[in-house]
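Chemist: let me see the structure of the following:
(one chain, ligands or ions: 1)
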Amino acid sequence: MNSNGRNGQEGAAWSRRGVLAAGAALPAARAGVIAAVSAAMSVIPAAGAKAQDADDAGKKAYRECIACHATEKGNNGVGPSLAGVVGQKAGEVEGFRFSSPMKRSGIVWTPENLDKYIASPQDVVPGSRMPYSGMQDPAMRAALVKYLETL
Ligand code: HEC
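Modeler: Numbers count the residues shown, from 1 in each chain. Sure, this is the predicted structure:
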């Protein structure tokens, strides 16, 4: 029991020394790899990372819509599916009963119009039936509209 314990400690000491020795040989190689990786990262993904952030923010913002709006075509709930909504005429999703004000609005859902509508639905389509009071944060709206463009 005792001798086993001692052996164990010795073993640990040896392997620690082994790791240290191996580590001492590494830094030059590792520094090379790190320099190469960070050079690559500083060139390409700055824009990519931003786009990814916007994606995530848009998806997150969409949580305010998802209870009423599905993203699959043909799946209408309390609100119409928003699949392909960007560029579409208001009030024309098949199989959804829109209010008359929405149908008569003549709006085309450009990114600009969507931004205004999401900020304040009742101001853009007075009398429409969407029970949503509006999203105040312009950055959140911008990210959301970007997300809608992907549907
Ligand atoms: C509580 C339910 C509800 C929520 C939450 C909601 N909507 Fe709606 N939405 C509706 C209803 C109902 C309509 C149909 C309005 C009408 O006919 O007047 C609608 C209509 C729309 C339309 C018009 C679609 C078309 O084809 O003309 C857009 C665009 C829209 N909503 C976007 C959103 C976005 C973006 C959000 C989240 C920020 C959201 N809605 C949140 C219920 C909701």
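Chemist: neighbours of E92, how many?
Modeler: When neighbours are defined as other Cβ atoms under 10 Å, E92 has 11 of them. (C-beta placed from N, C-alpha, C; glycine too.)
Chemist: got it, and the one 5 residues further on?
Modeler: Around R97 there are 11 other residues, counting by other Cβ under 10 Å.
Chemist: with M102 instead?
Modeler: M102 has 20 nearby residues by other Cβ under 10 Å.
Chemist: offset the numbering so it begins at 677, please.
Modeler: From this message on, residue numbering opens at 677, which makes the last subject M778.
Chemist: got the phi and psi for it?
Modeler: The phi/psi pair for M778 (degrees, to the nearest 10) reads phi -70, psi -40.
Chemist: now do the same contact list for it.
Modeler: Each residue near M778 by Cβ atoms under 8 Å, 6 or more residues apart in numbering is listed here: 766-767, 801, 804-805.
Chemist: how about a cut-off of 6 Å?
Modeler: 766-767, 801, 804 (Cβ atoms under 6 Å, 6 or more residues apart in numbering).
Chemist: same deal with N751?
Modeler: Applying Cβ under 6 Å, 6+ apart, the residues contacting N751 are S757.
Chemist: so it versus A815, what's the distance?
Modeler: 29 Å (Cβ to Cβ, to the nearest Å).
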